[in-house]
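S.K.: any chance you could fold what I've pasted below:
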Amino acid sequence: MRMSQHFGETLRKPPAEADSPGYELLLRAGYIRPLAPGLFSYLPLGLRSLRKIEEILREELDGIGGQEIAMPVVQPAALWAESGRLDPAPRETAKLHEQEGRRWVIGPSHEQVAVDLVRSNVKSYRQLPVILYQIQTTFRDEARARGGLLRAREFTLLASYSFDRDHAGLEISHRRHREAFLRAFEHVGLRDVLAARGDSAAGESVSEELMLLLPTGDDRVARCRGCGYAANWRITRFAKPVPTGERPAALEKVATPGTESIASLAEYLGVPTTRTAKVVFFKATVPESKGVPQAADGSGEREVVVMALVRGDMEVSEAKLRAAVAARSLRPAEAAAIRAVGAEPGYASPIGLASAALIVVADDVVARTANLISGANEQGYHYRNVNHGRDYRADVVADIAAVAPDAPCEECGSPLTVEPCLEVGSLHRFEESYTARLGATYQAEDGSVRAVSMGSFGVGVGRILGCIAETHRDESGLRLPSSVAPFDIHLVQVQMKDETQSEVASGLHDQLTEAGWEVLWDDRDERPGSKFADAELVGCPVRVTVGKRAGEDVVEVQARSGGDSQDIAVAECATLIQRLWEVAG
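M.R.: Numbers count the residues shown, from 1 in each chain. Purely as a prediction, here's the structure:
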């Protein structure tokens, strides 16, 4: 490929929208271009790398018995309704309406479509197990698009669905997918990936996330060096302190002016934060089964205010809280909504509150700890000696506290680390009620009719490219592994007006291409410094420079990963290229 004919120029300055180092380099090197927040066009360089990642994933999925299919992007809303996932649907799901009134869904995943295929084609145990997968463009209306390809709204997703006779078979499919994904990550140069327990959605029995340890990641994983436990920090359970057997003391109202934060309250009263109760408010959409009257539209849901109480030295885990109240959505509550249920922002407590629009959720440590300090629902006042069961009774008592670094592991007691990361893959097992609801059944060997056991496994292909850019770079540009680099060799001709250099470069380009190498030939009439800078920026594994020694049939060869350049005869350079390329793999 000649760069003079290549579409997609490099950029000298980082674009304003670049909010991570890898994203900046993908933009500057001409791999991608943004259309709108979370929406990107892949230029030739980026698409070549994306296709190589896809082929690596295909090889791994084919190796565990997967069969590739292609399913429609747009799905009938009726199919989602049949599965029970239309109302409510995941918040990133886009819904469409056709003129005749029919409803369609741009599904963030294809579980329903895959089940529909299986229920139409699988009748007997002899046809199981089966693994169906696709690599396709997917749209999710991501609320926090950031980091370029790291969290995009439209992206390429590998989605694989396994169907087995029973749970034992599903466990095998789950393990094989995990191993296949980890091998693929290793192949593309992502080596710091670990499997962690994930946040299970409705209908899922087991959820596992594959987390890349990444300083710029927007998620966190908690893990134990002692026993190997690992989980997304939002759902991590940890060994909590056992409250002392202190007897409840009399409730006492005290003036606490200017103490709207836990830190200021503890300082004013001269107590540790462990003696206080922290109150955090959210607005949530919950089912009527949580004590909320059915909505007027008959949906069985209502928006409520959720008051979450944790000990003052802890934080609320929104994932745990969402699970505790079975909330479809959860977001911070504004001051007006807090006051509407009788509470006072900064000085709130559940004491004396009674509202059908309020759900009080207490962390299990708060419910077991005597004589905490909490708000009095009055500006400038708090209560001493607040006790659950005597002074108030929570609607729900559950573990809703987020893990903190060095918290003791619930499994072995060793301190937990909490590290930044990014989810690069997910593995889910569905409850059999999900496939049974959709009629995905088969006749077992004993003649009985049973629901198939289903797993759903996914990898964001574009996100992988974004992660590679974050982890394989230096101050000059990308340093892509040979397995995913858009070209194997960046051939730089220093002077285009030098006929000898042109002859050597053209012959070398043809020779290497015929030998199976992918060559990007910089034949532009640009300054040598610009050409070398672009070669560093694009990040192909090997650079071959045709310069002043071309008349001697000698070229310069250097690995992008570093090391000294070597002058070598043209006839011998293919051997050196092979060695350097393999090291870059």
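S.K.: okay, helices next: where are they in this protein?
M.R.: Under the criterion DSSP state H, helices of the chain are mapped to 21-28, 44-63, 77-83, 111-121, 167-187, 262-269, 318-324, 335-340, 364-368, 432-437, 461-471, 499-514, 528-538, 573-583.
S.K.: what residues does the first one touch?
M.R.: Spelled out, that is helix 21-28. Residues lying outside helix 21-28 but in contact with it, judged by C-beta atoms under 8 Å, 6 or more residues apart in numbering, are 10-15, 18, 32-34, 46, 147-150, 216, 465-471, 473, 477-478, 537, 539. To be clear about C-beta, it is placed using only N, CA and C from the backbone, and glycine gets the same treatment.
S.K.: just the buried members of those?
M.R.: Members of the contacts of helix 21-28 that pass the buried threshold by neighbour count (16 or more other C-beta atoms under 10 Å) are listed as 10, 18, 32, 34, 46, 147-150, 216, 465-471, 473, 477-478, 537, 539.
S.K.: V306 is in contact with T285, isn't it?
M.R.: No - if you go by C-beta atoms under 8 Å, V306 and T285 don't touch, sitting 10.4 Å apart.
S.K.: number of nearby residues for the residue nearest to V366 when sequence neighbours are not counted?
M.R.: Spatially, and ignoring its direct neighbours in sequence, V366 is nearest to L309 (4.9 Å; C-beta to C-beta, 6 or more residues apart in numbering). The number of residues packed around L309, counting by other C-beta atoms under 10 Å, is 28.
S.K.: do A230 as well
M.R.: Once other C-beta under 10 Å is used to define contacts, A230 is seen to have 21 neighbours.
S.K.: now do the contacts for it.
M.R.: With contact set as C-beta under 8 Å, 6+ apart, A230 has these partners: 194-197, 211, 221-224.
S.K.: over to V504?
M.R.: By C-beta under 8 Å, 6+ apart, V504 lies in contact with 546, 550, 553, 555, 570.
S.K.: those strands in the stretch 201-350 of the chain, which residues are they?
M.R.: 204-213, 219-224, 230-232, 252-255, 277-287, 301-311, 329-332 (DSSP state E, counting those that start in this stretch).
S.K.: of all those, which one is nearest A505?
M.R.: Each of those has some distance to A505 by C-beta to C-beta; the shortest is strand 204-213, at 38.9 Å.
S.K.: for the closest one, name the packing helices and strands.
M.R.: For strand 204-213, the helices and strands in contact under the criterion 3 or more C-beta pairs under 8 Å, 6 or more residues apart in numbering; DSSP states H and E are helix 167-187, strand 193-197, strand 219-224, strand 230-232, strand 416-430.
S.K.: highest neighbour count among the contacts of V504?
M.R.: Of all the contacts of V504, the highest neighbour tally under other C-beta under 10 Å goes to V546, namely 28 neighbours.
S.K.: tell me what that one is bridged to.
M.R.: Beta-bridge partners of V546, counted by DSSP bridges, are Q493.
S.K.: my guess is it contacts H490, does it?
M.R.: No - taking C-beta under 8 Å as the definition, V546 is not a contact partner of H490, at 11.6 Å.
S.K.: remind me which residues of the stretch 401-550 of the chain are low pLDDT?
M.R.: Low-confidence regions of the stretch 401-550 of the chain, defined by pLDDT under 70, are absent; no residue qualifies.
S.K.: ok, now how distant is W581 from V118?
M.R.: Relative to V118, W581 is positioned 43 Å away (criterion: C-beta to C-beta, to the nearest Å).
S.K.: my read is that S329 contacts V286, right?
M.R.: No - between S329 and V286 no contact is recorded; they are 9.2 Å apart, counting by C-beta under 8 Å.
S.K.: re the thing from before, contacting residues around the residue nearest to V366?
M.R.: For L309, the contacting residues are 277-279, 350, 360-363, 366, 374, 394, by C-beta under 8 Å, 6+ apart.
S.K.: wait, what's in contact with L43?
M.R.: Taking C-beta under 8 Å, 6+ apart, we find L43 in contact with 7-8, 30-33.
S.K.: tell me which of those fall in strands.
M.R.: Using DSSP state E, the members of the contacts of L43 that fall within strands are 32-33.
S.K.: now the contacts of L43 as JSON lines including distance to H177 and pLDDT?
M.R.: JSON lines is the format used below for the contacts of L43 (distance: C-beta to C-beta, whole Å; pLDDT from 0 to 100):
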{"residue": "F7", "distance to H177": "37", "pLDDT": "93"}
{"residue": "G8", "distance to H177": "35", "pLDDT": "90"}
{"residue": "G30", "distance to H177": "34", "pLDDT": "96"}
{"residue": "Y31", "distance to H177": "28", "pLDDT": "97"}
{"residue": "I32", "distance to H177": "28", "pLDDT": "96"}
{"residue": "R33", "distance to H177": "33", "pLDDT": "95"}
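S.K.: what sits closest to S173 if chain neighbours are left out?
M.R.: Once flanking residues are discounted, S173 sits nearest to S162: 3.7 Å by C-beta to C-beta, 6+ apart.
S.K.: show me where pLDDT drops low in the stretch 251-400 of the chain?
M.R.: Flagging of the stretch 251-400 of the chain using pLDDT under 70 yields the residue ranges 289-300.
S.K.: wait, doesn't V365 sit right on K240?
M.R.: Yes - with contact defined as C-beta under 8 Å, V365 reaches K240; the gap is 5.0 Å.
S.K.: touching both of these two, which residues are there?
M.R.: Common neighbours of V365 and K240 are listed as A401 (criterion: C-beta under 8 Å, 6+ apart).
S.K.: what's the burial count for T369?
M.R.: For T369, using other C-beta under 10 Å, the count is 22.
S.K.: just list the residues touching it, thanks.
M.R.: 243, 311.
S.K.: now do A348
M.R.: For A348, the contacting residues are 279, 281, 307, 338, 375, 377, by C-beta under 8 Å, 6+ apart.
S.K.: can you select the buried ones among these for me in ChimeraX?
M.R.: Once 16+ other C-beta under 10 Å is used to decide burial, the buried members of the contacts of A348 can be selected in ChimeraX as follows:
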select :279,281,307,338,375,377
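S.K.: farthest pair within the contacts of A348?
M.R.: Maximum pairwise distance in the contacts of A348, criterion C-beta to C-beta, is 12.3 Å, between F281 and N377.
S.K.: what residues are shared contacts of those two?
M.R.: Counting by C-beta under 8 Å, 6+ apart, the residues touching both F281 and N377 are 343, 348.
S.K.: for L194, see how far away the residue nearest to the spatial centre of the chain is.
M.R.: With distances taken as C-alpha atoms, centre = their mean, the chain has E423 as the residue nearest its mean C-alpha position (3.4 Å). Using C-beta to C-beta, we find E423 at a distance of 11 Å from L194.
S.K.: which residues do those two both contact?
M.R.: Here E423 and L194 have 210-211 as joint contacts, going by C-beta under 8 Å, 6+ apart.
S.K.: returning to what we had before: surely the residue nearest to S173 meets V130?
M.R.: Yes - in this structure, S162 is within contact of V130 by C-beta under 8 Å, at 7.5 Å.
S.K.: the two: which is more packed in?
M.R.: The neighbour comparison of S162 against V130 (other C-beta under 10 Å) goes to S162, with 29 against 19.
S.K.: returning to what we had before: distance to G439 for the strands of the stretch 201-350 of the chain - can I get that in CSV?
M.R.: Formatted as CSV, the strands of the stretch 201-350 of the chain follow (distance: least, C-beta to C-beta, whole Å):
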stretch, distance to G439
strand 204-213, 19
strand 219-224, 36
strand 230-232, 33
strand 252-255, 60
strand 277-287, 25
strand 301-311, 26
strand 329-332, 29
